[in-house]
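Novice: Next one to model:
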Amino acid sequence: MIDASRRTSADDDALVKRLHALARGVEQGAGPSPGFLPERPLPPITTSEVEQVEQETGYELPLLLRRLCTEVGDGGFGPEGGLASLTPRQVPGWPEPNWPLATFRHARLPGWETPPSWLFLTGGGCTMEWHVSLIAVGNPVLLWDSDGWDPDCGENPHDGLRYAAPSLRQWLWTWADGGNVWDELLKRP
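Specialist: Next up, the predicted model:
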């Protein structure tokens with residue numbers, strides 16, 4: 001197995017194929033793992049739907065994320081309970097009214113929302129959320145704790161931020177290879 005940090009865009013075809021197999025529970029010797037909808041990932045979306053999301057957000061999505069949404073599924077698979085979808089989804093029988101939406105900007109109070117250049121990936125538990133930066137080189141994955149900063153002390157949303165992985169690619173490969181996406185983050189002081 002290649003270390004996730006050594007993966008490049010040349011490995012994206014293999015990653016998409018691996019995530020497709022994992023999302024459908026057909027990886028050799030593996031059934032569906034934690035992080036899946038009950039039956040399968042949400043259906044893929046079209047390139048024009050991805051372009052509509054890009055137009056609405058004002059940011060180009062990472063090519064790898066575009067491929068996942070159009071080739072594997074529009075969320076419902078991956079780390080931490082499954083990736084959010086780019087388009088609104090009503091999931092029959094799901095306890096929540098809608099599957100998490102990637103373009104939703106978390107805001108506990110007005111002015112506390114995440115920057116529009118962070119795309120929500122999935123929840124991280126309690127007040128934590130995984131995001132991908134749409135403007136930083138390599139599209140790093142960020143873990144944001146909405147309780148990790150205090151505006152009354154002059155802090156802003158960035159003070160609740162931790163860099164989790166240098167790229168979306170590395171973060172997804174870590175999970176696809178059976179690793180824990182928290183490991184890299186927890187190694188840092």
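Novice: Let me know how buried residue 90 is, in neighbour terms.
Specialist: 9 (other CB atoms under 10 Å). All C-beta atoms are positioned from the backbone trio N, CA, C, and that covers glycine.
Novice: where are the low-confidence patches of the protein?
Specialist: Applying pLDDT under 70 to the chain flags the ranges 26-40, 94-97, 105-112, 188-189.
Novice: As a check, name the ranges of all strands in this structure.
Specialist: Here the chain has its strands, by DSSP state E, at 118-125, 128-133, 141-145, 161-165.
Novice: The nearest residue to residue 135 once chain neighbours are set aside and residue 146: what is the separation?
Specialist: Distances taken as CB to CB, 6 or more residues apart in numbering place residue 117 nearest to residue 135, at 4.5 Å, with adjacent residues excluded. Here residue 117 is placed at a distance of 17 Å from residue 146 (CB to CB, to the nearest Å).
Novice: The two: which is more packed in?
Specialist: residue 146 (18 against 14).
Novice: Name all residues that make contact with residue 64.
Specialist: 9, 12, 15, 16, 139, 168, 169, 172 (CB atoms under 8 Å, 6 or more residues apart in numbering).
Novice: ok, now with 6 Å
Specialist: Residues counted as contacts of residue 64 (CB atoms under 6 Å, 6 or more residues apart in numbering) are 12, 168, 169.
Novice: can you pull the buried residues of stretch 41-56?
Specialist: Across stretch 41-56, burial judged by 16 or more other CB atoms under 10 Å covers 41, 42, 44, 45, 50, 53.
Novice: Help me confirm that the fifth one comes into contact with residue 66.
Specialist: Yes: counting by CB atoms under 6 Å, a contact exists between residue 50 and residue 66, whose distance comes to 5.2 Å.
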